[in-house]
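# Predicted structure and sequence below. I'll ask about it afterward.
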Amino acid sequence: MAQPIPSHLQARSGIVSMLLAVFLYAVLNALAKHLAAEYPLAEVTFFRNAFALLPATAMLARAGGWRSLRTEHLGGHFWRAAIGLTSMVLLFLSYHLMPMADAVALSFSAPLFLTALSVPVLGERVGPYRWGAVAVGFAGVLVIVQPGRGMLNTGALVGLSAAVAYAFAMMAMRQLGRTEAPVTTVFYFTAFSTLLSAVALPFVWTMPTAEGFALMAAMGLVGGGAQYFATRAYALAPAAVISPFNYAGILWACLFGWLFWGDWPGTHVLAGAAIVIASGLLILIRETRRRAEAETCDTSPDMSHTLPLSTGRKH
């Protein structure tokens, strides 16, 4: 019988997996920015999803084969794919319209929108601690876009719209995560996104060159690999350990933007990104403590009759 892997080694493997995922996502974003300058965005999005089906299918095979696709929430998977695809298209467009680091910095505002929208959409109760973190985070967004200096341009608006759409996608993932395995959600998202993005192809199709096709194939495979390593990371270690490493993406965005496009983020972008990241980490810490308290209430035999079984979330 195989010996269980010690928890500290699992955490280390989870961190390495997340860092790999972040790097692959950065490569994916750079490829999307490059390809969007030559091909219609709908076509780029289609190939990103179509080739990602290969890693998604491999993940499915490792998780138990086609039996893992059994679900009673096919409509929920379709909705998650539709809103996730919208976020993807807007994110790729923001990369096309503005420097990579600026777009990535704005994408970090998604947890802020998720926290704010969870109140009216999911019926969650957000306390003053997290509302304060949200307020600070949005102040960081204002530092990035500098509306008083005319920096709130089309690219910034598209980037913020992508963050809002991603927040809605994450809320759909929360709902699905109560009953669905991660690999099931990943496969259905990739499959439905491929079908949905294919609808626009007859209207925008541009025959790719051999190099363009190879880059689009690489983009899809890299994206699928990033999803695999991100899924593996969260399976190996708690979100509180793994999630902060997502913010390493700003380092790769700065590096790739400088190497390939000669872009370097301004001081205001780096300062605003630091504020947004700090607020996101504060929300993560509070959310982790809140869940730990809820689990304690669920499992403590001495206190279960006096403490609520949840801390504000309505099921």
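Everything's here; your move. Residues are numbered from 1 along each chain as shown.
# residues near Leu9, how many?
When neighbours are defined as other C-beta atoms under 10 Å, Leu9 has 10 of them. For glycine as for every other residue, the C-beta is placed from the backbone atoms N, C-alpha and C.
# Could you do the one 4 residues further on as well?
Under the neighbour criterion other C-beta under 10 Å, Ser13 is assigned a count of 16.
# Model confidence for it, exactly?
Per-residue confidence (pLDDT) for Ser13: 85.
# same deal with Ala217?
Among the per-residue scores, Ala217 holds a pLDDT of 94.
# quick one: contacts for it?
For Ala217, the residues meeting the contact criterion (C-beta atoms under 8 Å, 6 or more residues apart in numbering) are 47, 51.
# shaky segments in the protein?
1-8, 148-152, 290-315 (pLDDT under 70).
# can you map out the helices along it?
Ranges of helices in the chain, per DSSP state H, are 7-36, 41-62, 74-97, 100-107, 110-122, 128-145, 154-177, 182-198, 201-204, 210-236, 239-242, 249-261, 267-299.
# Can I get those helices in CSV including distance to Ser68?
Conversion of the helices of the chain to CSV gives the following (distance: least, C-beta to C-beta, whole Å):
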stretch, distance to Ser68
helix 7-36, 20
helix 41-62, 6
helix 74-97, 13
helix 100-107, 29
helix 110-122, 26
helix 128-145, 34
helix 154-177, 14
helix 182-198, 5
helix 201-204, 29
helix 210-236, 12
helix 239-242, 22
helix 249-261, 29
helix 267-299, 26
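# Deepest in the core, which of those helices is it.
When you average the neighbours per residue for each of the helices of the chain (mean count of other C-beta atoms under 10 Å), helix 100-107 leads with a mean of 27.
# and that one with helix 74-97, angle?
140 degrees (axes from the mean of the first three to the mean of the last three C-alpha atoms, to 10 degrees).
# How far off centre is helix 100-107?
For helix 100-107, the gap between its own C-alpha mean and the chain's C-alpha mean amounts to 13 Å (C-alpha atoms, centre = their mean, to the nearest Å).
# swap in stretch 76-84?
Stretch 76-84 has its C-alpha centroid displaced from the chain centroid by 14 Å (C-alpha atoms, centre = their mean).
# Can you pull out the residues in contact with that stretch?
With contacts defined as C-beta under 8 Å, 6+ apart, stretch 76-84 is touched by 71, 165-166, 168-169, 172-173, 175-176, 180, 184-185, 188-189, 191-193, 196.
# can you tell me how far Leu117 sits from Tyr247?
Distance of Leu117 to Tyr247, computed by C-beta to C-beta, to the nearest Å: 21 Å.
# again with Ala26
According to C-beta to C-beta, Ala26 and Tyr247 sit 12 Å apart.
# what's the answer for Val16, then?
Val16 sits 16 Å away from Tyr247, going by C-beta to C-beta.
# So the residue nearest to the spatial centre of the chain versus Val186, what's the distance?
Nearest to the mean C-alpha position of the chain, by C-alpha atoms, centre = their mean, lies Tyr166 at 6.8 Å. The gap separating Tyr166 from Val186 is 16 Å, by C-beta to C-beta.
# how close does the residue nearest to Ala274 when sequence neighbours are not counted sit to Ala218?
In this structure, Ala274 finds its nearest non-sequential neighbour in Gly140, 7.4 Å apart by C-beta to C-beta, 6 or more residues apart in numbering. Counting by C-beta to C-beta, the gap from Gly140 to Ala218 is 33 Å.
# Likewise for Leu93?
20 Å.
# try Thr154
Note on Thr154: its distance to Ala218, by C-beta to C-beta, is 28 Å.
# cool, Phe260 as well?
Counting by C-beta to C-beta, the gap from Phe260 to Ala218 is 15 Å.
# what's Thr209 sitting at in phi/psi?
Listed backbone geometry of Thr209 is phi -70, psi 170, with angles given as degrees, to the nearest 10.
# and the closest residue to Ala32 other than its chain neighbours, what is it in contact with?
Leaving aside its chain neighbours, Ala32 sits nearest to Phe92 (4.6 Å; criterion: C-beta to C-beta, 6+ apart). Phe92 makes contacts with 32-33, 36, 41, 44-45, as judged by C-beta under 8 Å, 6+ apart.
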